[in-house]
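1. give the three-dimensional model of this entry:
(chains A and B)
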There are 2 protein chains.
Amino acid sequence: MSQQRPLSSGLEVRRACREGSWSGPTAGLAPGYAQANLVMLPADWAFDFLLFCQRNPKPCPLLEVTAPGEWSPPHTAPLGDLRSDLPKYRVWRSGELVEEPADIHRFWRDDLVSFLIGCSFTFDSGLRSAGLPVRHVELGKNVPMYNTNIPCVPAGRFQGNLVVSMRPFTPAHAIRAVEITSRRPEMHGSPVHWGLPEQIGIANIHRPDYGDAVPIHADESPVFWACGVTPQAVLMASKPPFAITHSPGCMFVTDRLDRSLVGG
Amino acid sequence: MSQQRPLSSGLEVRRACREGSWSGPTAGLAPGYAQANLVMLPADWAFDFLLFCQRNPKPCPLLEVTAPGEWSPPHTAPLGDLRSDLPKYRVWRSGELVEEPADIHRFWRDDLVSFLIGCSFTFDSGLRSAGLPVRHVELGKNVPMYNTNIPCVPAGRFQGNLVVSMRPFTPAHAIRAVEITSRRPEMHGSPVHWGLPEQIGIANIHRPDYGDAVPIHADESPVFWACGVTPQAVLMASKPPFAITHSPGCMFVTDRLDRSLVGG
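-> Numbers count the residues shown, from 1 in each chain, chains lettered A, B, ... in the order given. Sure, this is the predicted structure:
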């Protein structure tokens, strides 16, 4: 209706990205709409990666997988275009990041299969709507993320360690957070660790490998969830000849409401 | 310890099948151990079928998918042999059933991928342990199953309609059954229909397409769940050149306890 509409739906965010009027992070945009991590791989690597996701549902909860060459995901965003509707992409060759474009039309191949993977932005809003304080959201920061020593279950040519996100909670809030997130297997599910960072290979909780550090109060413990950055760590470790992903924080915003994704 | 051991664990059932001393249905064997439907397909059909399962989690809840040529499933039965440890198999060529052997060593190919799919035997014991009367179990019959007019979500070369199983319940029991089964997405999850068989293309509820008819009392409605026979209907409709499945009722009994499979 107005000239400057807020980006309040998946359609509006995708259109803004496609037209080039939005190129930043998607956290906080289109509240209530599910956002997704993106991994694109050539068809001859797609079975191995689909199997990797099936075996590692916490880091890689699949929202949708396209057919080879299909750039519009019929289930989550039938009018979407995965080649242009994200703010920023990463292009990978043999596990190395080679480019970070705003549009991937020139990289598109008809053998690419797209994997849309559930994202914890949604999950944070679930915690907040249950009354839990989510530190990084309160501080306007990105969630702190860490490489761990926890191996994913390998599948074909894919292997690598889990990346986790961390939220500090008091014990009572941590228990409530387990309750809430265990009902959301479509977005990383229950935590993978609680308490002792060194047990999962994190040397310094104040120096996250991705995102921003957040303070942990004296009455709080760090609680760790499997993170959608894991696939990018796995691409780096497994070195497929070609891949495209979203750029961290710059997700694909779907037409599906978070609430519609709650698993059975 | 004794000479005639009952078949009370996954290992014992699998050994009896392998040695040829058990060739019948597995319902009621190894109580508490998860049983699985089996589909084996050549690697060049495996991505399409894995995608089919991802898109149709109610009829095809995956417990494990092997690598090509791997005949032992490391996650659900690391000492198992999928070529011999089921009581009876079905061999399919271009969607037609060509043989029903007790062992598939002579059909084995190094490009076969095995899909183990959750089974409603487990699900019946969950309903019973919650105090619900499960008619076909009480009568010592196989569950009644029906072809429907509900299309599965197609994936690549795979398409076909849903097959459902039916249990009659009073309204109060049906509501409880929805509660219980909605927590078991790894074994078909919540019902797909309740009440009017003709709405889903079932002409005569007293003439199931598979299994045995059971009486429905005057105060009961038929409640329908997605069924693990669906993949066999899909193979018949989609006609891959070669496939092997379990024979209906003759499942793969895993080492995993039912309770260990309960999803997040």
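2. burial measure for A:Ala47, as a count.
-> Ala isn't right for residue A:47; it's Phe. 25 (other C-beta atoms under 10 Å in any protein chain shown). (C-beta placed from N, C-alpha, C; glycine too.)
3. so it touches B:Ala46, yeah?
-> Yes. Counting by C-beta atoms under 8 Å, B:Ala46 is a contact partner of A:Phe47 at 5.6 Å.
4. what is in contact with those two at once?
-> Between them, A:Phe47 and B:Ala46 share no contacting residue under C-beta atoms under 8 Å, 6 or more residues apart in numbering or on different chains.
5. identify the residues contacting A:Ala243.
-> For A:Ala243, the contact set (C-beta under 8 Å, 6+ apart) comprises A:39-41, A:45, A:91-92, A:235.
6. would you turn these into CSV with secondary structure, neighbour count and pLDDT?
-> Shown next, in CSV, are the contacts of A:Ala243 (DSSP: H, G, I helix; E, B strand; the rest coil; neighbours: other C-beta atoms under 10 Å in any protein chain shown; pLDDT from 0 to 100):
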residue, secondary structure, neighbour count, pLDDT
A:Val39, strand, 27, 97
A:Met40, strand, 26, 98
A:Leu41, strand, 27, 98
A:Trp45, helix, 20, 97
A:Val91, strand, 18, 97
A:Trp92, strand, 23, 97
A:Leu235, helix, 24, 95
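7. from the residues you listed, pick the one nearest B:Gly249.
-> B:Gly249 lies nearest to A:Trp45 out of those, by C-beta to C-beta, at 37.6 Å.
8. just checking, next helix/strand downstream of the lowest-mean-pLDDT helix or strand in chain A?
-> The helix or strand of chain A with the lowest confidence, counting by mean pLDDT, DSSP states H and E, is helix A:120-129 at a mean of 82. Later in the chain than helix A:120-129, the nearest helix or strand by DSSP states H and E is helix A:135-138.
9. who are the packing partners of that next one?
-> Secondary-structure packing of helix A:135-138 (3 or more C-beta pairs under 8 Å, 6 or more residues apart in numbering or on different chains; DSSP states H and E): strand A:161-169.
10. which ones are touching the closest residue to A:Leu62 other than its chain neighbours?
-> Using C-beta to C-beta, 6 or more residues apart in numbering or on different chains and skipping the chain neighbours, the partner closest in space to A:Leu62 is A:Cys53 (5.2 Å). By C-beta under 8 Å, 6+ apart, the contact set of A:Cys53 is A:60-62, A:115, A:117.
11. and what of A:Ser8?
-> With contact set as C-beta under 8 Å, 6+ apart, A:Ser8 has these partners: A:29-31.
12. and it, what pLDDT?
-> Looking at A:Ser8, its pLDDT stands at 90.
13. do the one 4 residues further on as well
-> On pLDDT, A:Glu12 comes in at 96.
14. contacts for stretch A:38-45, please.
-> A:49, A:68, A:82, A:86, A:89, A:109, A:111-117, A:157, A:231, A:235, A:240-246, A:251-252, B:47.
15. how about stretch A:197-211?
-> Residues from elsewhere that reach stretch A:197-211, judged by C-beta under 8 Å, 6+ apart: A:136, A:141-150, A:161, A:163-166, A:192-193, A:213, A:216, A:222, A:224, A:229, A:248.
16. for the contacts of A:Ala243, work out which two are farthest apart.
-> Pairwise distances across the contacts of A:Ala243 (C-beta to C-beta) peak at 15.1 Å, for the pair A:Trp45 and A:Val91.
17. check contacts around the one residue in the stretch 1-150 of chain A that gets nearest to chain B.
-> Residue nearest to chain B within the stretch 1-150 of chain A (C-beta to the nearest C-beta): A:Phe47, separated by 4.1 Å. Counting by C-beta under 8 Å, 6+ apart, A:Phe47 touches A:156, B:43, B:46-47, B:50.
18. ditto for A:Val98
-> Counted by C-beta under 8 Å, 6+ apart, A:Val98 has contacts A:91-92.
19. related to what we said a few turns ago, out of the contacts of A:Ser8, which end up buried?
-> Among those, those scoring as buried are A:29-30 (criterion: 16 or more other C-beta atoms under 10 Å in any protein chain shown).
20. any idea which of the contacts of A:Ser8 is least confident?
-> Ranked by pLDDT, the contacts of A:Ser8 bottom out at A:Pro31, which scores 85.
21. okay, now the nearest residue to it once chain neighbours are set aside: neighbour count?
-> What sits nearest to A:Pro31 in space, not counting adjacent residues and going by C-beta to C-beta, 6+ apart, is A:Ser125, at 6.9 Å. Neighbour count of A:Ser125, defined by other C-beta under 10 Å: 17.
22. what comes into contact with stretch A:64-77?
-> Residues from elsewhere that reach stretch A:64-77 (C-beta under 8 Å, 6+ apart): A:10, A:14, A:34, A:36, A:43, A:46, A:50, A:63, A:78-83, A:85, A:108-116, A:252, A:254-256, B:51, B:54-55, B:153, B:155-156.
23. quick revisit: and of the contacts of A:Phe47, the nearest to A:His188?
-> Set against A:His188, the nearest of these by C-beta to C-beta is B:Leu50 (21.1 Å).
24. was I right to think the closest one contacts A:Leu50?
-> Yes. At 5.0 Å, B:Leu50 and A:Leu50 qualify as touching, with contact defined as C-beta under 8 Å.
25. quote the end-to-end distance of stretch A:73-91.
-> Its start and end residues considered, stretch A:73-91 measures 20 Å (C-alpha to C-alpha, to the nearest Å).
26. what residues of that stretch count as buried?
-> Burial within stretch A:73-91, assessed by neighbour count using 16+ other C-beta under 10 Å, is assigned to A:73, A:76-77, A:80-91.
27. what do you get for stretch A:105-122?
-> The neighbour-count check on stretch A:105-122 (16+ other C-beta under 10 Å) flags A:107, A:112-122 as buried.
28. near chain B, which residues of chain A?
-> A:43, A:46-47, A:50-51, A:54-55, A:62, A:65, A:67, A:75, A:153, A:155-156, A:182-185, A:189-190, A:263-264 (C-beta under 8 Å from any C-beta of the partner chain).
29. just the ones of these in strands?
-> Members of these lying in strands (criterion: DSSP state E): A:62, A:65.
30. buried among the residues of chain A next to chain B? Need that as a selection in ChimeraX.
-> Typed into ChimeraX, the line below selects the buried ones among these, using 16+ other C-beta under 10 Å:
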select /A:46,47,50,51,54,55,62,65,67,155,184,185,189,190,263,264
